[in-house]
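Visitor: I'd like to go over a predicted model; first the sequence, then the structure.
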Amino acid sequence: MNIMPGIDSTASALQAEKLRMDIIGQNIANAHTTRGPDGQPYKRQTVQFEAKLLELGRDQNGNMQTAQGVNVRAVGTDESAGPLVYNPGHPDADEKGMVRLPNVNLTHEMVDLISASRSYEANLQVVRTSRQMAQQALRIGKA
C-alpha cells in the first residue's frame with residue numbers, strides 16, 4: 001500500500017518541469033549566438049509533454065491500479081527563421097551587412113520560465129501536503 005499516492009505522478013512532473021527550465025535556460029543563454037557548430041544561428045528548443053500511465057495492473061484484491069504522470073514526448077527545435085538586422089561590423093554579417101539572429105524571444109522565454117517555475121513550486125507543494133497527510137495518518141493510527 002502506498003501511503004503517499006501522489007508522489008509518483010508528482011515526481012515525474014518535477015522532472016519534466018526541471019527539464020523545461022533547463023531548456024529555457026539554454027535558449028536564454030544562446031539568445032545572441034549567431035553562429036553555432038553548424039555555422040547557423042542558434043535555434044530555439046522546445047519541450048513537449050504528454051500524460052502517461054506510470055503503472056497499470058491489479059492489486060491483491062483485483063482492483064485496478066493506475067497512477068498518472070507526465071512524460072516528455074520530445075525536445076524539438078523551432079525551425080522558424082530569426083530576425084535579420086543590419087550590422088555591417090558584425091563578424092557574421094553577409095555581403096549586405098545583414099546578420100541573422102537566433103529565433104529566441106527573450107520576453108517569451110522569461111514568461112515560459114516563470115510558468116515552469118510556478119508549476120515546479122506547485123508540485124513541490126503537493127509533495128509537502130502528501131507528506132503531512134501521511135504523517136497525520138500515522139499519528140491517527142498510533143492513537
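Guide: Arrived safely.
Visitor: what's the helix or strand for the residue positioned nearest the centre of the chain?
Guide: Closest to where the C-alpha atoms of the chain average out (C-alpha atoms, centre = their mean) is residue 20, at 1.9 Å. If you go by DSSP states H and E, residue 20 is part of helix 7-29.
Visitor: which of the residues in that helix are buried?
Guide: 7, 9-14, 16-17, 20-21, 23-24, 26-27 (16 or more other C-beta atoms under 10 Å). Any C-beta I mention is one placed from the backbone N, CA and C, and that applies to glycine too.
Visitor: Find the pair from those with maximum spatial separation.
Guide: 7 and 27 (30.3 Å; C-beta to C-beta).
Visitor: mind checking the SS state of residue 109?
Guide: helix (DSSP: H, G, I helix; E, B strand; the rest coil).
Visitor: and it, how far is that from residue 28?
Guide: Residue 109 sits 5 Å away from residue 28, going by C-beta to C-beta, to the nearest Å.
Visitor: repeat for residue 101
Guide: 14 Å.
Visitor: before we move on, what about residue 98?
Guide: Taken as C-beta to C-beta, the span from residue 98 to residue 28 is 24 Å.
Visitor: how far is stretch 10-20 from where the chain is centred?
Guide: 6 Å (C-alpha atoms, centre = their mean, to the nearest Å).
Visitor: what does stretch 132-139 give?
Guide: 31 Å.
Visitor: Average pLDDT for that stretch, rounded please.
Guide: For stretch 132-139, mean pLDDT is 87.
Visitor: hey, C-alpha coordinates of it in CSV?
Guide: The C-alpha trace of stretch 132-139 is given here as CSV (Å, rounded to 0.1, in the frame of the first residue of the first chain):
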residue,chain,number,x,y,z
GLN,A,132,1.8,16.0,6.0
MET,A,133,-1.2,13.8,5.3
ALA,A,134,0.8,10.6,5.7
GLN,A,135,2.3,11.9,9.0
GLN,A,136,-1.2,12.7,10.2
ALA,A,137,-2.5,9.3,9.2
LEU,A,138,0.3,7.6,11.1
ARG,A,139,-0.5,9.7,14.2
